[in-house]
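Visitor: next comes the sequence, and after it the predicted model I'd like to discuss.
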Number of protein chains: 2
Amino acid sequence: MIPAEVVTPAVMIDADILDRNIQRMAAAMLSRGLNLRPHVKTHKTLEIARKQLAAGAIGITVATIGEAEVFAADGVKDIFIAYPLWVEASHADRLRALTAACRLAVGVDSAESATAMGRHLGADAASGEVLIEVDSGHHRSGVLPDEVVDVAKAAAAAGLSVQGVFTFPGHSYKPGMPTGAASNENEALGLAATALTSAGFEVTTISGGSTPTALIDGETVATELRPGVYVFGDAQQLELERCAWEDISLTVAATVVSRHEAAGGNVRRVVVDAGSKVLGSDRPDWATGYGRLPEYPEAKVTALSEHHATVVWPDSADLPALGTRLRVIPNHVCLAMNLVDEVTVVRDGSVVETWTVAARGRNN
Amino acid sequence: MIPAEVVTPAVMIDADILDRNIQRMAAAMLSRGLNLRPHVKTHKTLEIARKQLAAGAIGITVATIGEAEVFAADGVKDIFIAYPLWVEASHADRLRALTAACRLAVGVDSAESATAMGRHLGADAASGEVLIEVDSGHHRSGVLPDEVVDVAKAAAAAGLSVQGVFTFPGHSYKPGMPTGAASNENEALGLAATALTSAGFEVTTISGGSTPTALIDGETVATELRPGVYVFGDAQQLELERCAWEDISLTVAATVVSRHEAAGGNVRRVVVDAGSKVLGSDRPDWATGYGRLPEYPEAKVTALSEHHATVVWPDSADLPALGTRLRVIPNHVCLAMNLVDEVTVVRDGSVVETWTVAARGRNN
C-alpha cells in the first residue's frame, strides 16, 4: 500500500479516490441545484483547486488574505474569504490587488468591522463585496439573524457592496449532530436573508458549510455550500459517519519504530513515527483516539507526541514487526496538510506526482 | 506590547527573556554538575541553538535525521537523535554524512532495530554511537531497565558503539507529577546504567529529560539533561508551575476579530485570529484551555478552530474592542514554532530581527 520509495512519515494522497470525492460532491451539488464553492484551506494546493473548478465549482473559499493571494496568482477568478476580517491599513493594498485580480467577497460580522474595512479601502470600497456572518449555533463568530440588518446598514454606509449572508455550522462536528446542525443552518440563513430582503437589500448569495452537512439532502435556502474536507475525508468524518473507509484519500505513511508486547504492567502497543508534527493533534472528546489505521480498524491511537504515535493493538491481531509500514488517517486533515511542504500522490500503488502545499502556513 | 508593524497572527519572541531563560538553565546545569544538551525540536532555529551552545551546552538533541542535517550544516559538532530510529536503506547515506560532519549518537530501543542499523551502516557502523532508550514511566518507547543489556549486546554485535542510556520522563507533564517523574527517571536510568556496567559495557552517557524535571534539584545519576521548552516556556509549563508568567518569551500576536457581549443565551466572548494553525491544538485534559493570555490571566481559551480562538472573558474585565491586539501563550510551544516559517524577534517593544525556523517540517 505504501510505495517503497516513500520515506516515512509522509502525507500520501490516493489520486483516484481524490478524483472520485471531487466528482461526487460536484454531482451532489448539481443535483440539489446548489453552487459549490469548496473551502481550499483543507488542501492549500493548486492542483486540487484546479480539479475542483474543472468539476464545476463556481469559485473557492479561503480563510485568509494570504490564501486568497496564492490562489488568485494561479488564476482563480472568484474567491470568498469566509472569515470576519478586521481590516487594518496593512491589509488595504492587498485587498485592492485581490479585487483587481478576481471577484472577491469577504466576511464581516459587526458594524465596526464593516466601517473599518470601508475606511481603509476608501474609494475602492465598492469593489469589496461582503457577506455577513450569521451564528447558526456554533457560537464562535457571526451575529444572530436579527442583528444582520444593522451590520448590513453599516457596510452599505461604509461604501461596501452587501451580497448576502453566510454561516458555518461547526456544531455539526459531533456524533448525531450533522442533521440537526444542517437544520439550524437552514433556519438561521433563512431568517437572516429574509431580514436583509425586508430591509431593502438584494440578497444574491446565501452560503452554508460544511462537509458533515453538505450531503444531507433536503430543502435549503442556501444558494451555495462551502465544504472542504470532502476531498480527503479524515478520522473525524469517518467517526461522524460522514464518509466511509474507502472514501479516505489522504493517509500518513508511518513506520513501526518501537514495539511492546504486554510486559511489566505495560499495554500491548507499537509506536509509529507519525506524531503531532505530521498528523496534527486535534482530538474532539468523542473521538476514539488521535487517528485511525485503515488496515487495522480496531487499533487505537491512544497518545501522540511530536514524533511518536502510540497505537494500542487489538488482542485479536498479531503485533506488527518493527519496521512494518502502516498508514494512519489523521483526525483533522486540514491540520495535517498544513504541516508538510509537499505531498506524495499515488495511483494504483505507485508514486505519480509530488504536489506542493502552496498556501501552507499562509495564516495572514 | 505588540509592535505596530506586526501583522497578526504572528509568533513573537522576546529576546531578553529568551536570553535570560537560556542563561538560567545553563547556570542551573553547571551548578548541578550536569551537561546540558538542549532539545532543539522546540525552536528549530539556528540563532537559538547558537545562543544555547555559546552559553555552555555541550551539544544538541534533535528528534529526526532531517533536524540533525539542518543543525550540522550550521556547524553543530555534537548531535544526539533522541529517537528510536528504525534505519532503512534510504537513511544510511544520510547517517554516514552526519557522522562525517559531527559526533552523532542515535537512540535505539530494541535488538532488532540495532541489528537493522548495523546492517545498513555496514563498515561504518562503528562510527555510529548509540544510546539505549529506557522507559521510566511514560510508557511510550523505550525498554524496561532489565531489558537494556539485551539491546546493548545486539548493538555491539551489529558493530555499533554503545555509549549509554537515555530516557524521557514524559509522564512529568501532569499536575503534581514533575517531582515523582524526576524520581522515576533517576531510578530507571540508575538501574539501566548499572545493568550495562555489570554486563561489561563502559557507560559514558546517562541522559535524562525534560523541562518539567530539569530544574528539580537533587541527586541524579544522569550525566546530561535534554530540556527543550525552557527557552520559551508555554501555557503547559505555566499551568504545571514549571515557569512563571514573566519567563514566557514566546507569544502569538493576535487581533480581536469578533466580539460578543452575552446575548441570546451566548457566552460573553471574543474571537481572535490565532487558531490551531498558529497555536497548535495540543490540549491535555488538565489544561484550562487552549492557551493563556498574559495580560488577562483570567480569560479562558475555550475553543480553537483553524483560524479562530474563542476567548471567554472574565466578568471582572471589560470585553476588549474589535481590533484590539492581544498576546496568546500557546499550550505547547514546540508545535507553534513548527507552524510558521519565520518568527519576529522583539526587544524593548521593538522588532529587532526576523529568524527563519530553519528545521520547520523536517519530520524525517
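Guide: Cool, got the structure.
Visitor: how far away from the center of its chain is the strand of greatest length in chain A?
Guide: As assigned by DSSP state E, the longest strand anywhere in chain A is strand A:250-260. Here strand A:250-260 is found 25 Å from its chain centre; the criterion is CA atoms, centre = their mean, to the nearest Å.
Visitor: stretch A:112-126 too?
Guide: Using CA atoms, centre = their mean, the offset of stretch A:112-126 from its chain centre is 28 Å.
Visitor: so which bits of it are buried?
Guide: A:E112, A:S113, A:A114, A:T115, A:A116, A:M117, A:G118, A:H120, A:L121, A:D124, A:A125 (16 or more other CB atoms under 10 Å in any protein chain shown). For the C-beta atoms, the positions are set from N, CA and C on the backbone; glycine is no exception.
Visitor: pLDDT score for the residue in the stretch 51-200 of chain A that chain B sits nearest to?
Guide: Nearest residue of the stretch 51-200 of chain A to chain B (CB to the nearest CB) works out as A:S141 at 3.7 Å. On the pLDDT scale, A:S141 is placed at 95.
Visitor: contacting residues for it?
Guide: A:S141 makes contact with A:P84, A:D109, A:E133, A:D135, B:V257, B:S258, B:V271, B:H308, according to CB atoms under 8 Å, 6 or more residues apart in numbering or on different chains.
Visitor: in CSV: these, plus distance to A:M25, neighbour count and pLDDT.
Guide: CSV is the format used below for those (distance: CB to CB, whole Å; neighbours: other CB atoms under 10 Å in any protein chain shown; pLDDT from 0 to 100):
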residue, distance to A:M25, neighbour count, pLDDT
A:P84, 26, 26, 98
A:D109, 27, 30, 96
A:E133, 23, 26, 98
A:D135, 25, 25, 95
B:V257, 29, 26, 98
B:S258, 29, 26, 97
B:V271, 28, 27, 98
B:H308, 24, 24, 98
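Visitor: which two in those are spaced the farthest apart?
Guide: The distance between the two most remote of these (CB to CB) is 13.9 Å, for A:D135 and B:V257.
Visitor: do I have it right that A:V165 meets A:L196?
Guide: Yes - between A:V165 and A:L196 there is a contact under CB atoms under 8 Å: 6.7 Å.
Visitor: more neighbours: those two, which one.
Guide: Between A:V165 and A:L196, A:V165 has the larger neighbour count (other CB atoms under 10 Å in any protein chain shown), namely 34 against 23.
Visitor: where's the more buried one, which helix or strand?
Guide: strand A:161-167 (DSSP states H and E).
Visitor: after that strand, which helix or strand is next?
Guide: Next helix or strand after strand A:161-167 toward the C-terminus (DSSP H and E): helix A:178-198.
Visitor: that older thread, between the contacts of A:S141, which sits nearest A:D16?
Guide: The shortest approach to A:D16 among those belongs to B:H308, at 34.1 Å (CB to CB).
Visitor: which residues touch the closest one?
Guide: Contacts of B:H308 by CB under 8 Å, 6+ apart are A:R140, A:S141, B:V257, B:S258, B:V271, B:V272, B:D273, B:G275.
Visitor: so which residues of the stretch 1-150 of chain A form strands?
Guide: According to DSSP state E, counting those that start in this stretch, the stretch 1-150 of chain A carries its strands in the segments A:10-14, A:35-36, A:60-62, A:78-84, A:103-108, A:129-134.
Visitor: got a list of contacts for the second one?
Guide: Contacts made with strand A:35-36 from outside it, assessed by CB under 8 Å, 6+ apart, are listed as A:M25, A:A26, A:M29, A:Q52, A:G56, A:A57, A:I58, A:T223, A:E224, A:L225, A:P227.
Visitor: hmm, the fourth one is touching A:I60, no?
Guide: Just to be clear, that refers to A:Q52. Yes - between A:Q52 and A:I60 there is a contact under CB under 8 Å: 7.2 Å.
Visitor: A:A155 falls within a helix, correct?
Guide: Yes - under DSSP: H, G, I helix; E, B strand; the rest coil, A:A155 sits within a helix.
Visitor: and A:P297, what does it touch?
Guide: A:P297 is in contact with A:W245, counting by CB under 8 Å, 6+ apart.
Visitor: A:I248 versus that one, what's the distance?
Guide: In this structure, A:P297 and A:I248 are 12 Å apart, going by CB to CB, to the nearest Å.
Visitor: and if you look at A:P294?
Guide: As defined by CB to CB, A:P294 lies at a distance of 6 Å from A:I248.
Visitor: these two: who's more crowded?
Guide: For A:P294 and A:I248, the more surrounded residue by other CB under 10 Å is A:I248, and the numbers stand at 23 against 16.
Visitor: surely that one meets A:Y230?
Guide: No - A:I248 lies out of contact with A:Y230 (CB under 8 Å); the separation is 11.2 Å.
Visitor: up against chain B, what does the stretch 51-200 of chain A have?
Guide: Residues of the stretch 51-200 of chain A found near chain B (CB under 8 Å from any CB of the partner chain) are A:63-64, A:83-86, A:88, A:90, A:109-110, A:112-113, A:116, A:135, A:139-142, A:144, A:170.
Visitor: contacts only, for the residue of the stretch 251-364 of chain A found nearest chain B.
Guide: Of all residues in the stretch 251-364 of chain A, A:S258 sits closest to chain B, at 3.7 Å by CB to the nearest CB. A:S258 sits next to A:V270, A:V271, A:H308, A:L322, B:P84, B:D109, B:S110, B:R140, B:S141, B:G142 when contact means CB under 8 Å, 6+ apart.
Visitor: and the helix or strand of chain A with the lowest mean pLDDT, what does it pack onto?
Guide: Lowest on mean pLDDT, DSSP states H and E among the helices and strands of chain A sits helix A:211-214, with a mean of 87. The elements that helix A:211-214 packs onto, with contact taken as 3 or more CB pairs under 8 Å, 6 or more residues apart in numbering or on different chains; DSSP states H and E, are helix A:15-32, helix A:178-198.
Visitor: next, the buried residues of the next helix or strand after the longest one.
Guide: Right, the one you point to is helix A:178-198. The helix or strand immediately downstream of helix A:178-198 is strand A:205-208, counting by DSSP H and E. Residues A:T205, A:I206, A:S207, A:G208 are the ones in strand A:205-208 that count as buried (16+ other CB under 10 Å).
Visitor: sheet partners, orientation included, of strand A:205-208?
Guide: Here strand A:205-208 has these sheet partners by DSSP bridges: strand A:161-167 (parallel), strand A:224-225 (parallel).
Visitor: centre of the chain versus it, how much separation?
Guide: Distance, stretch centre to chain centre, for strand A:205-208: 16 Å (CA atoms, centre = their mean).
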